[in-house]
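K.L.:
fold the following.
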Amino acid sequence: MMINAPLFVVVLLVCLLALKTRAARPGSLFLGLVLGLTLASTSFGAPILSAVTSMSQGIVTAVSSMGGHA
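P.N.:
Here you go, the predicted model:
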């Protein structure tokens, strides 16, 4: 499974924000990224990615419909 560029940018921004606000330490962020990449290479990664994708698309659709741009 490949990680695409937009997903990488989102994860990178979240990590940088967590570091800047001191919500997370560098070691815990590194461990989380390594575990996430490991999970992505297993058979569990595809269903989780599918669920996250459908959830994010639902949120975008809901926000878009509230704005009247559906």
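
K.L.:
run a quick neighbour tally on the nearest residue to residue 15 once chain neighbours are set aside.
P.N.:
Excluding the flanking residues, the one nearest residue 15 by CB to CB, 6 or more residues apart in numbering is residue 29, at 5.1 Å. Just so you know, the C-beta spots here come from the backbone N, C-alpha and C atoms, and that holds for glycine as well. Neighbour count of residue 29, defined by other CB atoms under 10 Å: 17.

K.L.:
which SSE is residue 29 in?
P.N.:
Assigned by DSSP states H and E, residue 29 falls within helix 26-40.

K.L.:
show me what that helix is packed against.
P.N.:
When contacts are defined as 3 or more CB pairs under 8 Å, 6 or more residues apart in numbering; DSSP states H and E, helix 26-40 sits against helix 5-20, helix 45-66.

K.L.:
going by mean pLDDT, which of these comes out lowest?
P.N.:
Mean pLDDT is lowest for helix 5-20 out of these, coming in at a mean of 77.

K.L.:
picking up where we left off before, quick one: residues contacting the residue nearest to residue 15.
P.N.:
By CB atoms under 8 Å, 6 or more residues apart in numbering, the contact list for residue 29 reads 15, 18, 19.

K.L.:
swap the cut-off to 10 Å and go again
P.N.:
Taking CB atoms under 10 Å, 6 or more residues apart in numbering, we find residue 29 in contact with 11, 14, 15, 16, 18, 19, 23.

K.L.:
from those, list just the buried residues.
P.N.:
Burial by neighbour count, 16 or more other CB atoms under 10 Å: within the contacts of residue 29 this picks out 15, 18.

K.L.:
hang on, the earlier thing: could the helices and strands packed on helix 26-40 go into TSV alongside distance to residue 33?
P.N.:
Below are the helices and strands packed on helix 26-40 laid out as TSV (distance: least, CB to CB, whole Å):
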stretch	distance to residue 33
helix 5-20	7
helix 45-66	14
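
K.L.:
of the ones you listed, which is nearest residue 34?
P.N.:
Residue 34 lies closest, by CB to CB, to one member of the helices and strands packed on helix 26-40: helix 5-20, at 12.3 Å.

K.L.:
elements contacting that closest one?
P.N.:
Under the contact criterion of 3 or more CB pairs under 10 Å, 6 or more residues apart in numbering; DSSP states H and E, helix 5-20 touches helix 26-40, helix 45-66.
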